[in-house]
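Participant: make a model of this:
(2 chains)
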Amino acid sequence: MTSAPARPARITAKKRLGDRLFSGGATTAGALILAMLAAVASFLVLQGVPAVTADPRDMSILAGHENFWTYVWPLIFGTLWSAALALLMAVPLSIGIALFISHYAPRRIAQGLGYIIDLLAAVPSVVFGLWGANTLAPAVQPFYTWLNDNLGWFPLFSGQVSGTGRTILTASIVLAVMVLPIITALCREIFMQTPVLHEEAALALGATRWEMIRMTVLPFGRSGIISATMLGLGRALGETMAVAMVLSSAGVVTFQVLTSTNPSTIAANIALSFPEAYGLNVNVLIATGLMLFAITLVVNSIARWVVNRRKEFSGAN
Amino acid sequence: MTTTQTRTDAAHSSGNGLENAYAHGRLGRRVPWLVLGATMLLSIVAFALLAAAGSTDGFNIVGAIMVGALGYGVVIFITSLLVEGMRQAKDRLVTALVTTAFIIALLPLISLLYTVVVNGLPRFDVEFFTWSMRSVVGEGGGAVHAIVGTLLMTLTAAVISVPIGLMTSIYLVEYSRGGPLSRAINFFVDVMTGIPSIVAGLFAYAVFALIFGPGIRLGIAGAIALAVLMIPVVVRSSEDMLKLVPNELREASYALGVPKWLTVLKIVLPTAMAGITTGVMLAIARVIGESAPLLVAAGFTANLNYDLFDGRMQSLPLFVYNSYIAQGTDAQAYLDRAWAGALTLILIVMALNLLARLIAKIFSPKKGR
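Facilitator: Numbers count the residues shown, from 1 in each chain, chains lettered A, B, ... in the order given. Below you'll find the model as predicted:
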């Protein structure tokens, strides 16, 4: 190594004023983003801490609860439960749609079909809320009654069926429709990246289309499906308005999905309580927001980790 | 084995004695379509009879299609199993399932667009776009205060986030050398993408509550909350676009002695401009429909307010939410206004999306040389 020929001296560009201003501006903008995120975290912590440390009797919103934690636990449960139900519906459907667009639909119309699914992502959440509460809930209510009558022995469907249909299952259906385009778009991208040689090799060995997909496309896309699911989960956890408008909540912990006493979610609870909140109650709501922030942060980090790990192993790029 | 035997027997005994080895033991091309038509027809007739008998109120088109699709899956599986064997039967079943999944996803989209248009049109009139809700109880009134508020706050958010986002992406693509700062920015932009919108609203409220005291609601706070949501989207899309600019262009510019900042400004940015504009429009389309952060940071009001720094400011999504949640004496009037607001919102978002795709198509740099 030491015997390597001496490298010619590096010619450095002249530092002009414009250069310095421009690169300085670009670096500042990048640093500003870091500062902003630090500000988000620190301001929320600053405003959230009083909710945990102060006397619970000073906060009217905590009436009937021992402390902040017994108040927030049903909300955390509701957030996770509704998001889990939504994913249970959305993930298989999204994989099916993504396969349909990438491997089944005629090539010429496949991109157009992709745009149609993307349209769902463009609908604002408040419109989903309006639709869910006014159209979807009455439409599925008879089906809920039927489920309750015939499958009432199954714990999920037990209990007194809701008369309006505005249950956590309806909220989860709306959430599923909202995360569907996200998961579909990511899965579609991954499925299309499957090496064509793998697919053709499978077909040449006499595999049917489904066997080809099971042998080449799905194994190749597995980590992509996982990370798409996690990103969809992150979206479902933080969704506010649609849940606030659809769900009639009672702040309980229950797995029954057809009754009119449902657990609320953190985000929906903030939206419903914030306009009337005063004093320390605001701090309580901000503290619950901090919990939501932490949960989504964990979920998204896991998703990114899976994506990055795949980048290292996959030979596709 | 026995089935194969009988099938070959049948083929041998048929007219010409020759058999096509490729078509042998397969369903004909038209068979799946015939099966589909038959099951759909059966299902529709069954549901029409149910409707005629009065056991369902009205003809349930969704139920008919779903039962028809389900029936098709079962029938084609059994037919294919008998003629072609298990492997082909599975293949046909999966094809049916995958297609059904796509149709199921279309149902909410069609239903939603249909309901919004039908319910929104009755109040989609001149009064809706010229009146505010100031001292309106019951019928009448409009959303001009909400439209003004939405436009002002979204534009301010764009003015804040586009320079920051664009400069950050320029830093990431042109200046950074993979050091700790660029890795930190990359990681935290991903984190920012995942911030729930209501948390962004809480942040903006917390900042302004510290300065102006609790209970503060300002238009500018709403704009800042939207900017927090918008910045990561702008960074990611412009970064992708800047990366697409070929390196030869930069090197040619350096070879002519152009300084780096002028190269970025005059060569790189114009080349990527179409894509960046598209990304910004899609980011605007994303935040213009946000309601949760504005509920927390900007509040709602019935009055027209042009001043971002003074008092509450209404926005279109919140107008819809508020009309629905707080229905007054004449509930139908409030609902009608909510639907009309939803229709306006969807039209704005769709227009922005279409415009973005159009810009991407028309102004993208021509390939080939």
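
Participant: show me what contacts residue 169?
Facilitator: By default, I'm working from chain A. A:85, A:140, A:144, A:257-258 (Cβ atoms under 8 Å, 6 or more residues apart in numbering or on different chains). No exception for glycine: its C-beta is placed from N, CA and C like everyone else's.

Participant: can you look at chain B instead?
Facilitator: Applying Cβ under 8 Å, 6+ apart to B:S169 gives the contacts B:234-236, B:238-239, B:242.

Participant: mind running it again at 7 Å?
Facilitator: With contacts defined as Cβ atoms under 7 Å, 6 or more residues apart in numbering or on different chains, B:S169 is in contact with B:235, B:238-239, B:242.

Participant: for the residues you listed, name the two members farthest from one another.
Facilitator: Across the contacts of B:S169, the longest distance by Cβ to Cβ is 10.5 Å; it joins B:V235 and B:L242.

Participant: more neighbours: which of those two?
Facilitator: Between B:V235 and B:L242, counted using other Cβ atoms under 10 Å in any protein chain shown, the more crowded position is B:V235 (29 against 21).

Participant: the more buried one contacts B:L166, correct?
Facilitator: No: look at B:V235 against B:L166 with Cβ atoms under 7 Å: they stay out of range, at 8.2 Å.

Participant: tell me the confidence at B:S323?
Facilitator: At B:S323, the model reports a pLDDT of 87.

Participant: following the helix or strand harbouring it, which helix or strand comes up?
Facilitator: Secondary structure assigned from DSSP states H and E places B:S323 in helix B:316-325. Following helix B:316-325 in sequence order, the next helix or strand is helix B:331-363 (DSSP H and E).

Participant: list the helices and strands that following helix packs on?
Facilitator: helix A:107-122, helix A:125-131, helix B:86-120, helix B:269-288, helix B:316-325 (3 or more Cβ pairs under 7 Å, 6 or more residues apart in numbering or on different chains; DSSP states H and E).

Participant: quick one: is the second one near chain B?
Facilitator: Spelled out, that is helix A:125-131. Yes: Helix A:125-131 reaches chain B (Cβ under 7 Å from any Cβ of the partner chain) through A:125-127, A:130-131.

Participant: contacts for the following helix or strand past that helix, please.
Facilitator: Once the chain leaves helix A:125-131, the next helix or strand it forms, by DSSP H and E, is helix A:137-151. Helix A:137-151 is contacted from outside by A:157, A:161-162, A:164-166, A:170, A:246, A:258, using Cβ under 7 Å, 6+ apart.

Participant: widest-spaced pair of the residues you listed?
Facilitator: Greatest spatial distance among these (Cβ to Cβ): A:F157 and A:V246, at 18.9 Å.

Participant: quick check: the residue of the stretch 1-150 of chain B nearest chain A.
Facilitator: B:A101 (3.0 Å; Cβ to the nearest Cβ).

Participant: could you find the closest non-adjacent residue to that residue?
Facilitator: Nearest residue to B:A101, sequence neighbours excluded (Cβ to Cβ, 6 or more residues apart in numbering or on different chains): A:G96, at 3.0 Å.

Participant: who's in contact with that neighbour?
Facilitator: Residues near A:G96 by Cβ under 7 Å, 6+ apart: B:97-98, B:101.

Participant: let's see that with 10 Å instead.
Facilitator: Contact analysis of A:G96 by Cβ atoms under 10 Å, 6 or more residues apart in numbering or on different chains lists A:104, A:184, A:187, B:94, B:97-102, B:104-105.

Participant: circling back: quick check, nearest of the contacts of helix A:137-151 to chain B?
Facilitator: Among those, and counting by Cβ to the nearest Cβ, the member closest to chain B is A:V246, at 10.8 Å.

Participant: number of nearby residues for A:T70?
Facilitator: Counted with other Cβ under 10 Å, A:T70 comes out at 12.

Participant: A:G64 is in contact with that one, correct?
Facilitator: Yes: counting by Cβ atoms under 10 Å, A:T70 touches A:G64, with 9.1 Å between them.

Participant: and the nearest residue to B:A283 once chain neighbours are set aside, backbone torsions?
Facilitator: Among residues not flanking B:A283 along the chain, B:V233 sits closest, at 4.1 Å (Cβ to Cβ, 6+ apart). With angles defined as degrees, to the nearest 10, B:V233 sits at phi -60, psi -40.

Participant: what's B:V233 in contact with, if anything?
Facilitator: Counting by Cβ under 10 Å, 6+ apart, B:V233 has contacts B:161, B:165, B:189, B:192-193, B:279-280, B:282-287.

Participant: ignoring the adjacent residues along the chain, who's closest to B:T193?
Facilitator: Excluding the flanking residues, the one nearest B:T193 by Cβ to Cβ, 6+ apart is B:P232, at 4.4 Å.

Participant: mind checking pLDDT for the nearest residue to B:E174 once chain neighbours are set aside?
Facilitator: Nearest residue to B:E174 in three dimensions, chain neighbours excluded: B:V264, at 5.6 Å (Cβ to Cβ, 6+ apart). Looking at B:V264, its pLDDT reads 91.

Participant: got it, and B:M1?
Facilitator: B:M1 carries a pLDDT value of 41.

Participant: now do the one 5 residues further on
Facilitator: pLDDT, the model's per-residue confidence, is 45 for B:T6.

Participant: contacting residues around the closest residue to chain A within the stretch 201-350 of chain B?
Facilitator: Residue nearest to chain A within the stretch 201-350 of chain B: B:G289 (2.7 Å; Cβ to the nearest Cβ). Contacts for B:G289 were tallied using Cβ under 10 Å, 6+ apart; they are A:122-128, A:241, B:150, B:154, B:315-317, B:320, B:345-346, B:348-349, B:352.

Participant: and what of B:R26?
Facilitator: B:R26 sits next to B:20, B:80, B:83-84, B:88 when contact means Cβ under 10 Å, 6+ apart.

Participant: show me the shaky parts of the stretch 201-350 of chain B.
Facilitator: Counting by pLDDT under 70, not a single residue of the stretch 201-350 of chain B qualifies.

Participant: what about A:I213, how many residues nearby?
Facilitator: 24.

Participant: ok so, going back, turn the contacts of A:G96 into CSV, columns for distance to A:F43, pLDDT and neighbour count.
Facilitator: CSV is the format used below for the contacts of A:G96 (distance: Cβ to Cβ, whole Å; pLDDT from 0 to 100; neighbours: other Cβ atoms under 10 Å in any protein chain shown):
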residue, distance to A:F43, pLDDT, neighbour count
A:Y104, 49, 90, 16
A:T184, 36, 93, 30
A:C187, 36, 91, 26
B:V94, 51, 92, 21
B:L97, 48, 91, 16
B:V98, 47, 92, 22
B:T99, 50, 89, 20
B:T100, 48, 90, 19
B:A101, 43, 91, 20
B:F102, 44, 90, 21
B:I104, 43, 88, 18
B:A105, 39, 89, 24
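
Participant: quick check: next helix or strand after the biggest helix by length in chain A?
Facilitator: In chain A, taking DSSP state H as the definition, the longest helix is helix A:17-53. Per DSSP H and E, helix A:17-53 leads on to helix A:68-99 as the next helix or strand towards the C-terminus.

Participant: and that following helix, what's buried?
Facilitator: By 16 or more other Cβ atoms under 10 Å in any protein chain shown, the buried positions in helix A:68-99 come out as A:68, A:71-72, A:74-83, A:85-87, A:89-91, A:93-99.

Participant: so what's B:N119 up against?
Facilitator: Shown in contact with B:N119 (Cβ under 10 Å, 6+ apart): A:130-131, A:134-135, B:335-336, B:338-340, B:342-343.

Participant: tell me the spacing between it and A:L130.
Facilitator: Distance of B:N119 to A:L130, given as Cβ to Cβ, to the nearest Å: 9 Å.

Participant: over to B:R183?
Facilitator: From B:R183 across to A:L130, the span is 43 Å (Cβ to Cβ).

Participant: also A:A236?
Facilitator: Using Cβ to Cβ, we find A:A236 at a distance of 19 Å from A:L130.

Participant: and what of B:V75?
Facilitator: According to Cβ to Cβ, B:V75 stands 39 Å off from A:L130.
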